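Q: Structure for this input, please:
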Amino acid sequence: MTNLSPPHTVFVLVHGAWHSSGQWAPTQRALAGLGAASVAVDLPGHGFDAPLPSGYLLPGQPGLLTEKSPLADVTMDDCAQTVLDALRQVRRHPRIVLVAHSAGGGPASLAAERAPELVDAIVYLSAFVPAGRPRFFDYLASPENATARGGSLNLGDAEQLGAVRINPLSTDPAYVEELRQAHYHDTPLDRFDRWRSVLSPDLPLAIPATPVVVTPQRWGRIPRIFLRCADDKGLPATVQDLMISEADGAFADNPFTIRTLPGSHSPFAARPRELAAALLS
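A: Numbers count the residues shown, from 1 in each chain. The predicted structure is shown next:
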């Protein structure tokens, strides 16, 4: 294994939908054990400071299907700016690797497009790549995504709510099992409830719905790696491969380097040491 990191590389980690910087903690510990530095970002509307729907933590969760999200005004620009702020904080280090998971690929890509000088490489961990189609929704609606699990988790009308809302605290066994299958099917069962309990209910609608435009002169010049999750049920390998193929077709002078990890959409939960080793290879 070629070690890209210690002591010169810093990994900037961007989470996906409903997650936060906290979900990266096991991977960060594994990276630190290998001598690598990392910074995990909380996108707007995620993490411990994120506002929740008013009834989310109350008995019966009143209004969960209809209450407008407190995150409805969050924009893709807001999210990209958060990533840019993190990148600027660590730019004094010789090498910066930006790592995006799932829906985090949108804000990460826009940040890299706006300031390619801040990024030495981008890693997409089963993440949205906007090079072929500009919106994450464009890929989620593709025929290649027909087998994906998790679509039935969405609550209410996303346009009216201003967010894609789920209920990580649901007491419905069928709903909870669908959430597990979509994101954590290979996470040990005795840890799954803990992982789902810290998810946020709202993903600002702007993240999957806003077009992200990238250019050859900026985003396209940055070395990029795609870490495929082979048994991903939330974003199947067929969709991951479609994004890779369309990006390589549009930016043929700088194709993806492709690596494959076993398992689910959430290797940071199921196999953080393997994920850390893959990031360092």
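Q: And the strands in the stretch 101-250 of the chain?
A: Along the stretch 101-250 of the chain, counting by DSSP state E, counting those that start in this stretch, strands occupy 121-125, 163-165, 202-204, 224-229.
Q: Packed most tightly, which of the ones you listed would that be?
A: Among the strands of the stretch 101-250 of the chain, ranked by average contacts under mean count of other C-beta atoms under 10 Å, first place goes to strand 202-204 (a mean of 27). In short, each C-beta sits where N, CA and C put it, glycine included.
Q: Now for the closest residue to V212 other than its chain neighbours, how many residues are close by?
A: Spatial nearest neighbour of V212, chain neighbours left out: P130 (4.0 Å); criterion: C-beta to C-beta, 6 or more residues apart in numbering. By other C-beta atoms under 10 Å, 25 other residues sit near P130.
Q: wait, what's in contact with P130?
A: Neighbour list for P130: G105, G106, S109, F136, P211, V212, V213, V214 [criterion: C-beta atoms under 8 Å, 6 or more residues apart in numbering].
Q: Whichever of the residues you listed end up buried, select them in PyMOL.
A: Only the buried members of the contacts of P130 enter the following PyMOL selection, criterion being 16 or more other C-beta atoms under 10 Å:
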select buried, resi 105+106+109+136+212+214
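Q: Let me have the strands of the stretch 101-250 of the chain in JSON lines, extended by mean pLDDT.
A: What follows is the strands of the stretch 101-250 of the chain, written out as JSON lines (pLDDT from 0 to 100):
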{"stretch": "strand 121-125", "mean pLDDT": "98"}
{"stretch": "strand 163-165", "mean pLDDT": "98"}
{"stretch": "strand 202-204", "mean pLDDT": "97"}
{"stretch": "strand 224-229", "mean pLDDT": "98"}
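Q: Which among those is found nearest to H185?
A: Between H185 and these, the shortest gap by C-beta to C-beta is with strand 224-229, which sits at 11.0 Å.
Q: Let me see the residues that make contact with that closest one.
A: 121-126, 129, 235, 237, 240-241, 243-244, 247, 254, 256-261, 263-265, 267, 275, 278-279.
Q: Select from those every entry located in helices.
A: A237, Q240, D241, M243, I244, A247, P267, L275, A278, L279 (DSSP state H).
Q: So C79 versus L57, what's the distance?
A: Going from C79 to L57 by C-beta to C-beta, to the nearest Å gives 25 Å.
Q: swap in V12?
A: In this view, V12 and L57 are 31 Å apart by C-beta to C-beta.
Q: Repeat that for P223.
A: 43 Å.
Q: outside of stretch 104-117, which residues touch it?
A: Residues contacting stretch 104-117 (C-beta under 8 Å, 6+ apart): 14-16, 43, 76-77, 79-84, 87-88, 98-100, 118-119, 122, 124, 127-130, 136, 207-208, 210, 212-215, 218-219, 221-222.
Q: how about it as CSV, C-alpha atoms only?
A: C-alpha atoms of stretch 104-117 as CSV (Å, rounded to 0.1, in the frame of the first residue of the first chain):
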residue,chain,number,x,y,z
GLY,A,104,-22.1,15.5,0.3
GLY,A,105,-20.7,15.1,-3.2
GLY,A,106,-22.7,18.2,-4.3
PRO,A,107,-21.4,20.7,-1.8
ALA,A,108,-17.9,19.2,-2.1
SER,A,109,-17.9,19.4,-5.9
LEU,A,110,-19.1,23.0,-5.9
ALA,A,111,-16.4,24.0,-3.3
ALA,A,112,-13.7,22.3,-5.4
GLU,A,113,-15.0,24.1,-8.6
ARG,A,114,-14.9,27.5,-6.9
ALA,A,115,-11.5,27.0,-5.3
PRO,A,116,-9.5,24.2,-7.0
GLU,A,117,-6.3,25.5,-5.5
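Q: Okay, buried residues for it please.
A: So for stretch 104-117, counting by 16+ other C-beta under 10 Å, buried means 104-116.
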